[in-house]
Structure formats: C-alpha cells, structure tokens
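1. mind folding the following:
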Amino acid sequence: MPRRFDEKMFDMSHLEAMAEKCNNWGRWGPDDEIGTLNFIGPDEVRNAASLVKKGKTISLGLNFDRNGPQKGTWGNRYNPIHTMIATGTDAVAGRQADMKIQYADDTVAMPLQCGTQWDALGHIFYKDKMWNGYDATLVDVNGAEKNGIEKVKDKMFGRGVLLDVARHLGVDFIEDGMAITNDDLDATAKAQGIEIKRGDFVIVRTGQMQQRLADGEWGGYAGGDAPGLAFETAEWIYTKEIAAICMDTWGCEVRPNETNDAQQPWHWVVIPKIGITMGEIFNLTELADDCAEDGVYEFLFCAPPLPITKAVGSPINPMAIK
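-> Here you go, the predicted model:
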C-alpha cells in the first residue's frame, strides 16, 4: 500500500547514492541526447502498432485554456492566454475588405509546461550537469544547446501501459502525500495481468486529476501536496529499462517530498542521471475506464512534442490507440 514518509526522511547522501546507482551517462555514447528513448527500436515500434485491435482513439491531454491547473503556486507558470487577432466580426464589419478574403486567426501565449506536457532532458540538472554529463550552462537565455525537446520529435511512439494504481487499491483517488512504492507498481501490473517490458511508455494513474476535475477546483494541484511515486521507484524505472514515465499529477513524484535536502529529489535522478523523458498532467479518466471494461491495459501510444528548437519542455496531446 502507498505510504507516508513523515518520519522516514532521507538525506542528501541517499540521493547521491541513488543517482550513482542509476547512472546511464555514456550508455549510448558521449553524444547522446535522447536517453532511455534509445530502448525503442524498429521491433518495439512494430509490436506497438500491432496492439491496435478496436480502432479506438483516446486523448490523454487536457484542453489548453484559462481553466487549466496553474494558479501561481509554482514559479512563473500560468494558464494559456488565447487571443484572437482576426475574427468573423472583423470580416462582417468590412475590416478585411482590402485582403479580398474573410478569415479568422489567433495566437496563444503560455509556458511550455503549463498543461499536459513532456519534460525534456535539459529540464533538470544534477550538480551542475544535465543528461549525459553535459554542462548545465549549455542551457542559457537562447535555450538548450543540448537535450532540447526537438531532439525527440520522432521518438514518442511505442507500447503504452497503464498502471491504474488507484483502481487496483479500490479507491477513486490516492490521497495527497501518499507515496506509490515499487511493490505497488509491481502488484498493480500483476493484478492487471500486464508485464512491463523494455521500451514501454509507462503511465501511472493516481486519480488526483479526476478528483480535481470532479470538484471543479484545482487547489494546489500545480506545486502543492500530491500522491506520487516514491523516491525508491527511480531504481524500478532504471531496472525496467522503460522509455518514459507519465502520470496524472503535476510532478509525478510524491509531495511533500521525502527529504528536506532537495526539492523534487526524484527528478534529480530520473531526468539527468537515468535520462528518462517524463510526462505530466495527463488526463487518464477515459483510458482507465476503457481498460477496466475490456481488461486490456496495453495500447499503441503516440505523443510527439512540438519541435520547438532548444526548448526544455513541450505541450502535447498524447493518444492511446486500442
């Protein structure tokens, strides 16, 4: 069962030991910029495509609008600002007569990680280094010279697996502050009759987003307390050799964090040391219901990022195809 770590805090030495145990630097050569996505090859792609049986497509993304989860509780992130720069009212009023066409056009301003999104490998640093040992200073005001999100624009296609931990535990949602352990992940997979394989996109459901959407209030979803993966799951991810990890929470790992020595300690290990691309703020309600109905928890997963040059994250509309 998920557990709280109120009296089981670890220190920096434990974080450092985990970082070294799960270190993938150099595994795919000194110039690598895609990390664990290297686990996906032609065989994995073909096998994933063969999982489509029903022809059913399910979006795992939130709509990008002013009703999103960003409430100013974390850094400078805010919800998308959508602005029309040409409208039907302009057309009817004759303001486009000189254009000899009637049209609508619009623009949007938003942080790249304000909604359903990928964290790129240039997003988090460990001791002044990012994935594969590149210096953190290679991410400057002009963006990421190494490990930018555009480097993985053709890599987000493979076998997706849902681990519906909340449903396995018999709850609508896991309470804030509860940490999902390695045993919880393994027990959920076993109960669902699914095997985690090398190169999988593993998607973990806590039910937190569903609970917040049902309540009609995000509260501290973005940056506050949350259910999530225990720090120990970094080793589970490393050992399983999965391609990516995704969740229905803001930051994947449990909050409050399990240490006072680091903010988001799990991030310190999984992104810069393991080299795993992380998906956050996934909307998993429809997928979870469909998997529970047909008993099939594997599917074709496709979620290419916007290839924004030198960006350290990207909004996405991930798709599960069954």
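
2. list the contacts for the residue nearest the centre of the chain?
-> Central residue of the chain (C-alpha atoms, centre = their mean): residue 279, 0.9 Å from the mean position. Residue 279 sits next to 116-119, 201, 203, 244-247, 303, 316, 318 when contact means C-beta atoms under 8 Å, 6 or more residues apart in numbering. C-beta: built from backbone N, CA, C; applies to glycine.

3. starting at the chain centroid, how far to the strand or helix carrying it?
-> In this assignment (DSSP states H and E), residue 279 forms part of strand 277-280. How far strand 277-280 lies from its chain's middle: 2 Å, per C-alpha atoms, centre = their mean, to the nearest Å.

4. direction included, what does that strand pair against?
-> Paired neighbours of strand 277-280 in the sheet (DSSP bridges): strand 117-119 (antiparallel), strand 244-247 (parallel).

5. and the first one, how far out from the chain's middle?
-> How far strand 117-119 lies from its chain's middle: 5 Å, per C-alpha atoms, centre = their mean.

6. contacts for it, please.
-> If you take C-beta under 8 Å, 6+ apart as the criterion, strand 117-119 is touched by 113, 149, 152, 156, 267, 271, 277-281, 303, 305, 312-316.

7. tell me which of these fall in strands.
-> 277-280, 313-315 (DSSP state E).

8. which of those sits closest to residue 77?
-> Lowest distance from residue 77 to those (C-beta to C-beta) belongs to residue 313, with 10.3 Å.

9. any idea how far the closest one lies from residue 200?
-> 22 Å (C-beta to C-beta, to the nearest Å).

10. how about residue 296?
-> From residue 296 to residue 200 the distance is 15 Å (C-beta to C-beta).

11. what does residue 208 give?
-> The gap separating residue 208 from residue 200 is 22 Å, by C-beta to C-beta.

12. residues in contact with residue 303?
-> 60, 118, 156, 201, 279, 316-319.

13. same question for residue 157.
-> With C-beta under 8 Å, 6+ apart, residue 157 has these contacts: 40, 45, 48, 300-302, 304.

14. name whatever forms a beta bridge with it.
-> Counting by DSSP bridges, residue 157 is bridged to residue 302.

15. repeat that for residue 277.
-> Counting by DSSP bridges, residue 277 forms beta bridges with residue 244.

16. pretty sure it sits against residue 124.
-> No: in this structure, residue 277 is not within contact of residue 124 by C-beta atoms under 8 Å, at 11.3 Å.

17. need the strands paired with strand 277-280 in a markdown table with distance to residue 170 and mean pLDDT, can you?
-> Output for the strands paired with strand 277-280, formatted as a markdown table (distance: least, C-beta to C-beta, whole Å; pLDDT from 0 to 100):
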| stretch | distance to residue 170 | mean pLDDT |
| --- | --- | --- |
| strand 117-119 | 30 | 98 |
| strand 244-247 | 19 | 98 |
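
18. now those strands in CSV, with mean neighbour count and distance to residue 223?
-> Below are the strands paired with strand 277-280 laid out as CSV (neighbours: other C-beta atoms under 10 Å; distance: least, C-beta to C-beta, whole Å):
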stretch, mean neighbour count, distance to residue 223
strand 117-119, 26, 14
strand 244-247, 27, 15
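
19. output those as JSON lines; include the columns distance to residue 1.
-> Formatted as JSON lines, the strands paired with strand 277-280 follow (distance: least, C-beta to C-beta, whole Å):
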{"stretch": "strand 117-119", "distance to residue 1": "28"}
{"stretch": "strand 244-247", "distance to residue 1": "18"}
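
20. okay, residue 73: pLDDT?
-> At residue 73, the model reports a pLDDT of 72.

21. number of residues surrounding it?
-> 15 (other C-beta atoms under 10 Å).

22. list the contacts for it?
-> 220, 222-224.

23. that one belongs to a strand?
-> No: Residue 73 is assigned coil when assessed by DSSP: H, G, I helix; E, B strand; the rest coil, not a strand.

24. tell me which element the closest residue to it other than its chain neighbours is part of?
-> Nearest residue to residue 73, sequence neighbours excluded (C-beta to C-beta, 6 or more residues apart in numbering): residue 223, at 4.1 Å. Counting by DSSP H and E, no helix or strand carries residue 223.

25. distance of residue 223 from residue 98?
-> If you go by C-beta to C-beta, the gap between residue 223 and residue 98 works out to 48 Å.
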